[in-house]
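1. Provide a 3D model corresponding to the input given below.
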Amino acid sequence: MTQAWAMVAISLIVLVAYLFDFLGRFIRVPAVVLLLFSGLALRLVSDTLGWQPALPADLLPVLGTFGLILIVLEGALDLRLTRQATPLILRSSACAVLGILLVAAALTGLFSLWFAAPLQAVMAHAMPLAVISSAVAIPAAAALVPRLREFVVYESSISDIVGVVLFYAVIGEVGPLGSMLLRLAGEVGLSILVGLVAGLLIYWLIQRIEHHVRVLPMIFGITLLYGLGKILHLAPLIMVLLVGLLLNNSQLLGSRLKSSPSYERDLDAFKHLTAEFTFAVRSFFFVLLGFATAPADLLAPSAWLLAVLIVALCVILRWPVLRLVAGEKAEPLIWFAPRGLITVLLFLSIPPALGIAGFPGAALMLVILMWALLLTRGVMRIRPESGEGLTEPVPAHPTQFPEQT
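-> Alright, predicted model coming up:
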């Protein structure tokens, strides 16, 4: 009976997530928000009935990591690198990096005043909250026009990558700044090289393998690449991003590596299966994240106060970055910087030695929920009549948001 109910629960999560994805387009609420609140509602019902299933301790980190890999890969597979898109890539990357540095510095100051803890521990807790979650931002960006959607994809993906690299640099062994920067540059450089080689290998395999099962081994090959990169202390998200960009921009490889006539069809199959996997993993992660949160913990006043301050700092600092660095209007992009999957993963990776006594764990979930609501507000504020909320611009304003793909 337990196995039967488990099958029912798994099936219902996927089907309800699909319903949320379909319904969210009409009510203009991101599906991730509905999934989070569904998990919280399930936990409330479970506690009321006295039914408390034990979730494996490593389930969320493993599921989240797998989801992060797929989300970055899916985002990269949707991007075309052209000369016209170069300014957009540079601006979104600068916005991501500067945003992380400013928010991390501000939160480090806030936590230093709030808690009596060493600087390294404070920075380890500040860095995850400074990173934009591509797992939440990219699906919600489907409501934007192509140029702004690409901006969100690049910014959130770069934010994930830079945030992970900086986080592990913070929790690593403290040494002279020069040696730390040199080690960091070496890790990133080697990651770029490995990512390009892996991308070329998969590009070659897509055109050579004729077995009826082809795409699935390649996806798990990319997850294997991520795992090995993590073990070797590289920057594995950079590898995943480069693999996706290379596969979707084979025209940059030149005539010597010209793709076969069936390459685009095979690449399309690769994209579709990646999207299906991403949808399933993301659905399970956010439902389980909500379910793993005890509703009583969310009532702590200290957690609410800290969460409000964190979100306020993030929003206040994002406005000038968008205006001065990205050269974009604050609306609607200011709301497309949610915290989510990557924030949880990095928090779970903080070593016990760098833990902060008295840090309200519920504040993390409250920050995620607040950002989810802000993201919902941003999606709802998009004005369809101006073309801002459509996949394609309104014909009456054909040059308002030119596509750069």
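
2. mind listing what's buried in stretch 58-66?
-> 60, 63-66 (16 or more other CB atoms under 10 Å). In short, each C-beta sits where N, CA and C put it, glycine included.

3. swap that for stretch 113-121, sorry
-> Buried residues in stretch 113-121, counting neighbours by 16+ other CB under 10 Å, are found at 114-115, 117, 121.

4. Could you do stretch 16-24 as well?
-> In stretch 16-24, counting by 16+ other CB under 10 Å, buried: 16-17, 20-21, 24.

5. distance between that stretch and the chain's centre?
-> Its chain's average C-alpha position is 20 Å from that of stretch 16-24, according to CA atoms, centre = their mean, to the nearest Å.

6. can I get the CA coordinates of it in CSV?
-> Extracted in CSV, the C-alpha atoms of stretch 16-24 (Å, rounded to 0.1, in the frame of the first residue of the first chain):
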residue,chain,number,x,y,z
VAL,A,16,-0.7,19.1,-10.9
ALA,A,17,2.6,20.8,-11.9
TYR,A,18,1.5,20.6,-15.5
LEU,A,19,-1.9,22.0,-14.6
PHE,A,20,-0.2,24.9,-12.8
ASP,A,21,2.1,25.6,-15.8
PHE,A,22,-1.0,25.7,-18.1
LEU,A,23,-3.1,27.6,-15.6
GLY,A,24,-0.3,30.1,-14.7
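
7. Report the separation between Y18 and G24.
-> Plainly put, Y18 is 11 Å away from G24 if you go by CB to CB, to the nearest Å.

8. out of the buried residues of stretch 58-66, which are inside helices?
-> Counted as lying in helices by DSSP state H, out of those, are 60, 63-66.

9. Could you single out the nearest of those to P332?
-> G64 (26.7 Å; CB to CB).

10. circling back: quick one: which of the buried residues of stretch 113-121 sit in helices?
-> Short answer: these in helices (DSSP H) are 114, 121.

11. per-residue confidence averaged over the helix or strand hosting T376?
-> T376 is part of helix 362-381 when elements are defined by DSSP states H and E. For helix 362-381, mean pLDDT rounds to 87.

12. got the buried residues for that helix?
-> Across helix 362-381, burial judged by 16+ other CB under 10 Å covers 362-376, 378-379.

13. Residues in contact with that helix: which ones?
-> 28-30, 32-33, 36, 129, 136-137, 140, 143, 289, 293, 297-298, 300, 302-304, 306-308, 310-311, 314-315, 331-332, 334-340, 343-344, 347, 389 (CB atoms under 8 Å, 6 or more residues apart in numbering).

14. Quick check: which element contains the residue nearest to I71 when sequence neighbours are not counted?
-> Of all residues not flanking I71 in the chain, A135 sits nearest, at 4.9 Å (CB to CB, 6 or more residues apart in numbering). Using DSSP H and E, A135 falls within helix 134-140.
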